[in-house]
Structure formats: structure tokens, C-alpha cells
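In: Below: sequence and its predicted model.
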Amino acid sequence: MATLFVLENEFLGTWYVGKIKTKMGSKGVPVYRSLTQDDLTDKLYKKYSEYDNPGLNLMFLNEHKTTCHGLGRWLSRLEYEIKRNREKYCNVEKLLKAGWYHSDTMGYSSIHVLNIPEIKLNEVYIDLKKNWGTPDDIVKYRSDYKLKTCLNNTPVTYKERYYNYKQNTEYLYKKARQDIIRRINKGFIPKKKTLDKYNLSVPLSVSKIR
């Protein structure tokens with residue numbers, strides 16, 4: 001099994017979709033316990049004590065199932081991503097923490113829980129990101145509100161692209177090799193170990209290397 005979480009707020013007009021696979025323990029019991037509305041509220045008050053009234057409305061999309069194993073784990077992971085990349089997750093944080101201050105007159109966001117077979121996880125995940133914000137009386141899993149923006153589709157920032165590039169060793173190797181070739185074409189002669197490392201050679205005429 002797997003679980004999908006749809007975080008939405010009617011007043012912000014946004015939604016965000018998360019997912020987690022059910023991890024089973026040695027006795028066949030889910031590792032991450034399920035949370036009730038009271039459990040979730042208690043957890044938020046303990047974790048976010050700097051806020052006046054932290055809260056989320058917990059909703060269930062399955063007709064006969066009101067469990068949400070992994071919700072606490074998923075929220076912790078989301079908070080980690082928010083702290084790691086404030087620029088990218090700025091609007092997700094606003095969605096998560098709507099109504100948490102006395103001065104904030106906006107209502108709490110709701111988090112909808114959908115338990116599905118793991119084999120359908122990616123298919124439903126993609127559908128919810130694309131269509132959740134468009135109400136439909138025929139289609140089962142849709143918001144009751146007309147929402148504007150899915151925050152999963154936020155463009156990747158320059159900072160994030162740069163970070164991802166830095167983790168790509170092949171990209172770094174090719175970039176360094178191109179830089180050395182450009183310098184050779186301008187008359188610079190690298191050390192032999194550098195030439196060996198990047199599989200290069202320097203003709204006597206220091207002609208252009210391709």
C-alpha cells in the first residue's frame with residue numbers, strides 16, 4: 001500500500017501533493033503509526049511551539065478507511081525540504097502554515113489522505129497534481145474548490161539547478177575539460193598530469209583541440 005497527501009487552501013487557491021510508501025515492520029505492522037485529528041493537532045503544537053495556533057484539517061478520501069500511516073513522517077520530510085530550500089518551497093510553507101498566527105485571518109489548510117495500492121501510486125500522483133484543483137462531480141478525487149496553482153509544478157530555481165549540477169560528477173568533468181581546452185586554444189600549456197586526467201594532448205602548434 002501507499003498513501004497520497006493533498007494539502008490545499010481555498011483562500012490561497014493552491015494545493016500540493018505528497019506521497020509515501022507504506023513501510024512494514026517485522027511483524028507485518030506499518031512502521032509509521034496512523035494519526036487522528038487530535039494526534040495531528042498535538043503533534044503540530046509540540047513541533048511548532050513558536051506559532052499561536054498551528055493546525056491542519058485532516059480529511060480522508062477513502063470511503064471506508066480512516067488511517068494515514070506515514071503522515072507524521074511526510075510532514076517532517078516536507079519541513080526538511082522547506083528549511084533546505086526556502087526559495088523553492090516559500091509558497092508551500094505559506095500553504096502549510098496558513099492561519100497559524102492570531103493576526104492571520106485565513107482559515108487552516110486541509111490535508112486530504114488517500115490510501116491506494118502501491119502499483120497505482122505514480123499514476124494517481126500525476127493525476128492529482130494536474131487535476132485536483134478542478135472540481136468535478138463525476139471524478140471522485142477532486143477538490144471542492146476551484147484552485148489556481150499546484151505548487152508541485154513550481155519551476156526549478158537557478159540556485160537549485162546549480163546545486164544539482166555540482167552533484168553531477170560527469171557534468172563537472174566535462175565542464176573542466178572544456179575549460180582546459182579553451183585555455184589551451186589561447187596558448188596555455190597544462191601540466192602532464194592534467195592532460196592525462198582529461199585525456200588531452202597539446203600539439204606543438206597548440207592548435208585547436210576538438
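Out: Nice, thanks for sending it over. Since we're looking at a predicted model, the values are computed, not measured.
In: care to break the protein down by domain?
Out: As given by automatic domain parsing, the domain ranges for the chain are 2-155, 168-210.
In: what's the spacing between the shortest one and its chain's center?
Out: Translated: domain 168-210. The chain centroid and the centroid of domain 168-210 are separated by 38 Å under CA atoms, centre = their mean, to the nearest Å.
In: what residues are up against Lys21?
Out: Shown in contact with Lys21 (CB atoms under 8 Å, 6 or more residues apart in numbering): 1-2, 70, 118, 121. C-beta here means a position set from N, CA and C on the backbone, and glycine is covered the same way.
In: Dump the residues you listed into a markdown table; add secondary structure, neighbour count and distance to Glu8 as well.
Out: Below are the contacts of Lys21 laid out as a markdown table (DSSP: H, G, I helix; E, B strand; the rest coil; neighbours: other CB atoms under 10 Å; distance: CB to CB, whole Å):
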| residue | secondary structure | neighbour count | distance to Glu8 |
| --- | --- | --- | --- |
| Met1 | coil | 15 | 23 |
| Ala2 | strand | 20 | 20 |
| Gly70 | coil | 27 | 19 |
| Glu118 | helix | 12 | 24 |
| Leu121 | helix | 17 | 19 |
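In: Quick one: the residues you listed as TSV, columns for pLDDT and distance to Ser49 too.
Out: TSV is the format used below for the contacts of Lys21 (pLDDT from 0 to 100; distance: CB to CB, whole Å):
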residue	pLDDT	distance to Ser49
Met1	88	33
Ala2	92	31
Gly70	91	23
Glu118	92	35
Leu121	93	34
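In: Looking at those residues, which is nearest Asp137?
Out: Closest approach between the contacts of Lys21 and Asp137, by CB to CB: Leu121, at 25.4 Å.
In: Surely that closest one touches Lys19?
Out: Yes: counting by CB atoms under 8 Å, Leu121 does reach Lys19; the two are 6.1 Å apart.
In: For the two, list the residues in contact with both.
Out: Counting by CB under 8 Å, 6+ apart, the residues touching both Leu121 and Lys19 are 2, 4.
In: Name the next helix or strand downstream of the one helix or strand Asn91 maps to, please.
Out: Assigned by DSSP states H and E, Asn91 belongs to helix 90-96. Later in the chain than helix 90-96, the nearest helix or strand by DSSP H and E is strand 110-116.
In: Please work out the average pLDDT along that next one.
Out: For strand 110-116, mean pLDDT rounds to 95.
In: Contacts for that strand next, please.
Out: For strand 110-116, using CB under 8 Å, 6+ apart, the contacting residues are 1-9, 56-62, 65, 67-68, 71, 124, 128, 141.
In: and the angle from the helix or strand just after it to strand 110-116?
Out: Scanning forward in sequence from strand 110-116 by DSSP H and E, the next helix or strand is helix 121-131. Interaxial angle, helix 121-131 versus strand 110-116 (axes from the mean of the first three to the mean of the last three CA atoms, to 10 degrees): 150 degrees.
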